[in-house]
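Colleague: Sequence first, predicted model second:
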Amino acid sequence: LAVLKAIMGEDPAESLAEAARLRVEITDPQYESYGHWAEAWAALAAGRYPHARAAADAAVRATGYFRPLAWPVAGRAMVWAGDVAGAREVLAALDGATLRGAAIELDRATLDAGIAGLEGRSTEALQGFREAIVGFTNHGLAFDAALATIDLVSAVPKGERSNADVAELVEAAHETLERLGARPFLARLDDALAGSANTEPRRRADRATAPVVSEPA
């Protein structure tokens, strides 16, 4: 419920607090991971990108099999923040994990394309994004395709994404996000299209977030 509220632009604080209360006497760590995962989504929707990554990492520390759920959120947060080093850390973690499946492979490809865009390799980035977005769409993952489109317009400079097919992808993303009522992500898409989102690559030597964690023993 907290995740859905965050995606729709509602305040998830009450749901997060209630979940934390219910978890007090539960010893299964997966429920702690769900709480951190929800916090990561809430932070992503609110534009608090270092917090989103930190919460995603905490979800993985609590339960290792949250890697395919949490790390894509962390990677996206780093791309939207323009944090190349952070995005590379998340990608390295994904590459080093024994994760298989169409969705996680598309998540990995999307993050790789985001890094290429932030590093100025726009042609490579656009090709990677197109393939990933088509892949998400073909698997019926419309929301993931829309988020990957936000990645595209966040990572690739405005003057280098004027292709007609990019415009079609943006139109499809708008339709999906409007249909779902995902207001924060619609706003992020519009800001990135206008060039007003925080998309400039920068060094983050003083990042407050911890490195991506490996699966706990």
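Modeller: Sure, I can see it.

Colleague: Just give me how far the helix or strand containing Asp112 sits from the chain centre.
Modeller: In this assignment (DSSP states H and E), Asp112 forms part of helix 102-118. From the chain centre to the centre of helix 102-118 is a distance of 10 Å (C-alpha atoms, centre = their mean, to the nearest Å).

Colleague: show me what contacts the residue positioned nearest the centre of the chain?
Modeller: The residue lying closest to the centre of the chain (C-alpha atoms, centre = their mean) is Arg76, at 2.8 Å. By C-beta atoms under 8 Å, 6 or more residues apart in numbering, the contact list for Arg76 reads 44, 52, 110-111, 114, 147, 151. For the C-beta atoms, the positions are set from N, CA and C on the backbone; glycine is no exception.

Colleague: Give me the phi and psi for the residue lying farthest from the centre of the chain.
Modeller: What lies farthest from the middle of the chain is Glu25; by C-alpha atoms, centre = their mean that is 30.8 Å. Per-residue torsions, Glu25: phi -100, psi 10 (degrees, to the nearest 10).

Colleague: Following element in sequence after the helix holding Asp112, please.
Modeller: Once the chain leaves helix 102-118, the next helix or strand it forms, by DSSP H and E, is helix 122-138.

Colleague: got the CA positions of that following helix in CSV?
Modeller: What follows is helix 122-138, C-alpha atoms only, in CSV (Å, rounded to 0.1, in the frame of the first residue of the first chain):
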residue,chain,number,x,y,z
SER,A,122,24.4,9.0,-26.4
THR,A,123,24.2,6.8,-29.5
GLU,A,124,24.9,3.7,-27.5
ALA,A,125,22.6,4.8,-24.8
LEU,A,126,19.7,5.4,-27.2
GLN,A,127,20.1,2.0,-28.8
GLY,A,128,20.2,0.3,-25.4
PHE,A,129,17.1,2.2,-24.1
ARG,A,130,15.1,1.4,-27.3
GLU,A,131,15.8,-2.3,-27.0
ALA,A,132,15.0,-2.4,-23.3
ILE,A,133,11.8,-0.4,-23.6
VAL,A,134,10.6,-2.6,-26.4
GLY,A,135,11.5,-5.6,-24.3
PHE,A,136,9.5,-4.4,-21.3
THR,A,137,6.6,-3.6,-23.6
ASN,A,138,6.7,-7.0,-25.3
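
Colleague: which secondary structure elements does it contact?
Modeller: Contacts defined by 3 or more C-beta pairs under 8 Å, 6 or more residues apart in numbering; DSSP states H and E place helix 122-138 against helix 102-118, helix 142-155, helix 164-180.

Colleague: Check what pLDDT the residue farthest from the centre of the chain gets.
Modeller: Glu25 is assigned 86 on the pLDDT scale.

Colleague: what's the spacing between it and Ala19?
Modeller: Note on Glu25: its distance to Ala19, by C-beta to C-beta, to the nearest Å, is 13 Å.

Colleague: next one: Ala172
Modeller: With the distance defined as C-beta to C-beta, Ala172 ends up 33 Å from Ala19.

Colleague: Same question for Leu189.
Modeller: Using C-beta to C-beta, Leu189 is found at 29 Å from Ala19.

Colleague: More neighbours: which of these two?
Modeller: Per other C-beta atoms under 10 Å, whichever of Leu189 and Ala19 has more neighbours is Leu189, with 23 against 18.

Colleague: per-residue pLDDT, that one?
Modeller: Value for Leu189, per-residue pLDDT: 96.
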